[in-house]
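Enquirer: mind folding the following:
(one chain, ligands or ions: 2)
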Amino acid sequence: MSSTIQLSFFSSPLADHTDLWFKELAEDKMVCPVFTLPDLNRPPLQIDYSNLRSDFNRDGFAIVRNFLNQDELRELTTQTEFYLDSIDYDATFQTAAKKAFGGTIKNLQEANPWFNQQLRKGKPYRFIKELLESELKPATTAYFERIPGESRGIEPHFDAIGHRSWGATIWIALDAARNSNGCLHYERGSHRVEYPAKVGIEGFDKSTDNATPIEIDPGDAAIHSSLTVHWSNPNQSQSKRRAVSFFYWCT
Ligand SMILES: O=C(O)CCC(=O)C(=O)O
Ligand SMILES: [Fe+2]
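Expert: Ligands and ions are numbered 1, 2, ... in the order given. Here you go, the predicted model:
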């Protein structure tokens, strides 16, 4: 039988009225100038988790179109741009584009309460918890940009480097992701294979029939297990390709 639950971007203020996070966020207007209070009128997301779970368990990944509605996408984009401005992020061809992991910024939740709240209680958290049917340990939130004109992408890897713990990552597109601008690729079924735990798996063949380009639109989400091999090629177009990922471990 299919199980469908409803999510909205924020935790319910009724359920969470004593919650410290909301108190801190409400008091922290300087850090989060566009933070809006939880809005119960936002349309909830209806998801057929049983179909999604079978994709995820079979392939090691799953796609949810329109994971965020227009308001939620605007909010995520605004918060991301605000955060990048606050750290003087400079993703130009001359600088970040030449570095290994240029365009990758980890631990957004450490300096920014909005991202912390999303990681620990927001829609990404509640969605992955339901998908994996497990209690979760939130790990990190990261910004991933494939920079127009860059010479390097991200080599094949899985996220549970060093420990092979089970968990999942939800990658939310801020821009349209296409093969031409360095979209994410998943190796179908790779969560069942024991690959060496390092970024840049030696001898990994990116051209088999299992290599799946994830061409998705702003607000769509791609979800991969912590053991699924994925990579992205350099963005050799002039189109931006930005995304935010939320990482979780099962407990
Ligand atoms: O966005 C990318 O290019 C890589 C993303 C990634 O490795 C991840 O979300 O785990
Ligand atoms: Fe990754």
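Enquirer: avg pLDDT for the particular helix or strand that has Arg58 in it?
Expert: Per DSSP states H and E: Arg58 is located in helix 49-59. The average pLDDT for helix 49-59 rounds to 95.
Enquirer: next SSE after it?
Expert: Per DSSP H and E, the first helix or strand lying C-terminal to helix 49-59 is strand 61-64.
Enquirer: can I get the CA coordinates of that next one in PDB?
Expert: Output in PDB follows, covering the C-alpha atoms of strand 61-64 (Å, rounded to 0.1, in the frame of the first residue of the first chain):
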ATOM      1  CA  PHE A  61      18.800   7.300  -6.300                       C
ATOM      2  CA  ALA A  62      15.400   8.900  -6.900                       C
ATOM      3  CA  ILE A  63      14.100  12.100  -8.400                       C
ATOM      4  CA  VAL A  64      11.300  14.300  -7.000                       C
END
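Enquirer: could you verify my assumption that Phe127 touches Ile172?
Expert: No. Under the criterion of Cβ atoms under 8 Å, Phe127 makes no contact with Ile172, lying 10.4 Å away. For the C-beta atoms, the positions are set from N, CA and C on the backbone; glycine is no exception.
Enquirer: any residues in contact with both of those two?
Expert: Residues touching both Phe127 and Ile172 by Cβ atoms under 8 Å, 6 or more residues apart in numbering: Phe67.
Enquirer: the more surrounded of the two?
Expert: Ranked by neighbour count (other Cβ atoms under 10 Å), Phe127 and Ile172 place Ile172 first, with 27 against 24.
Enquirer: much appreciated, bye for now.
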